[in-house]
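> For reference, the sequence and a predicted model appear below.
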Amino acid sequence: MTQLQSNRQFPGMGDSSIEFFISDKETKMIQNGNVIPFCEIPLSIIKLLDEVIQADININMELHDMHPFSKTKRIEQFARCRFGGLDFVGDIKDGQLQDGEYHDCPKRGNCKSEGILCKLPSYNGQKLSSQDVYLMQHLSTPKTNDVIADEMHLPMGSFHKAHRQLYDKLGIQTKQENTRIAFSLNLIQL
């Protein structure tokens, strides 16, 4: 375990927050030190999730398209898409549902609900694009810029421009800073 991870504890294990996550294709929740399957979560949490769904017509429509006959499945799908990553930031804190988190969904890039149900991360008030996320992830590896540019199907000039724009957006200058931010946003695991 790295030094960065060694002193961290998942939300809901030692505090009053709640963390949703996907494990073995099942939606689960950590609350009061217990891992609970989605089918057993308290009604108050179901109501909190449903309020957010009902308040946004686009989210509501997407979920109805996915699960037209089951409100329970719509609510679970929302929790999976919006909060499915197991990270170190609670999804519900002090009774308030947080904005959402990035997690590496296998449907990313091929889902018609992408950006509606799930969230791309933000940093310093700047929303990151899919290209920014991909670039941050790959700049956090030992790959050379040539290899990353080739994988992104970008000429080197375009790669360098995207790289510079990303670093300006993040307010950084080094790969190490990029890696620290990528880890903090749950874009990479160390």
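Thanks, I have it. Residues are numbered from 1 along each chain as shown.
> If we go by neighbour counts, what in the longest helix anywhere in the chain is buried?
Longest helix of the chain, by residue count under DSSP state H: helix 156-170. By 16 or more other CB atoms under 10 Å, the buried positions in helix 156-170 come out as 159, 162-163, 166-167, 170. C-beta here means a position set from N, CA and C on the backbone, and glycine is covered the same way.
> Please identify which of these is nearest to Glu101.
Leu170 (17.7 Å; CB to CB).
> residues contacting the closest one?
By CB atoms under 8 Å, 6 or more residues apart in numbering, Leu170 lies in contact with 123-124, 126, 177-178, 181.
> residue ranges of the helices in this protein, please?
In the chain, the helices defined using DSSP H lie at 3-6, 43-55, 57-66, 71-83, 130-139, 145-151, 156-170, 175-184.
> What average pLDDT does the first one get?
pLDDT averaged over helix 3-6 equals 46, rounded to a whole number.
> All further residue positions should be reported with the first residue as 195.
Taking 195 as the first residue, the last one we looked at is helix 197-200.
> Taking the chain centroid, which residue in this protein is the extreme one?
Gly351 (29.9 Å; CA atoms, centre = their mean).
> Could you check how far it is from Gln359?
Distance, Gly351 to Gln359, by CB to CB, to the nearest Å: 13 Å.
> Mind putting the contacts of Leu364 into a markdown table with pLDDT?
A markdown table is the format used below for these (pLDDT from 0 to 100):
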| residue | pLDDT |
| --- | --- |
| Tyr317 | 89 |
| Asn318 | 86 |
| Gln320 | 87 |
| Glu371 | 95 |
| Asn372 | 95 |
| Ile375 | 94 |
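> PyMOL command for the buried members of those residues?
Buried residues within those, by 16+ other CB under 10 Å, are selected in PyMOL with:
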select buried, resi 317+372+375
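> Please identify which of the contacts of Leu364 is nearest to Gly227.
Ile375 (29.9 Å).
> unless I'm mixing things up, that closest one is touching Ile366, no?
Yes. In terms of CB atoms under 8 Å, Ile375 counts as a neighbour of Ile366; the distance is 7.0 Å.
> Where do the domain boundaries of the protein fall?
Domains of the chain are assigned by automatic domain parsing as 197-291, 316-378.
> Could you dump those into a markdown table with distance to Leu384 added?
Output for the domains of the chain, formatted as a markdown table (distance: least, CB to CB, whole Å):
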| stretch | distance to Leu384 |
| --- | --- |
| domain 197-291 | 6 |
| domain 316-378 | 6 |
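> Tabulate the buried residues of helix 350-364 (CSV), appending pLDDT and distance to Leu333.
Formatted as CSV, those follow (pLDDT from 0 to 100; distance: CB to CB, whole Å):
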residue, pLDDT, distance to Leu333
Phe353, 95, 11
Ala356, 96, 10
His357, 95, 7
Leu360, 96, 8
Tyr361, 96, 9
Leu364, 95, 11
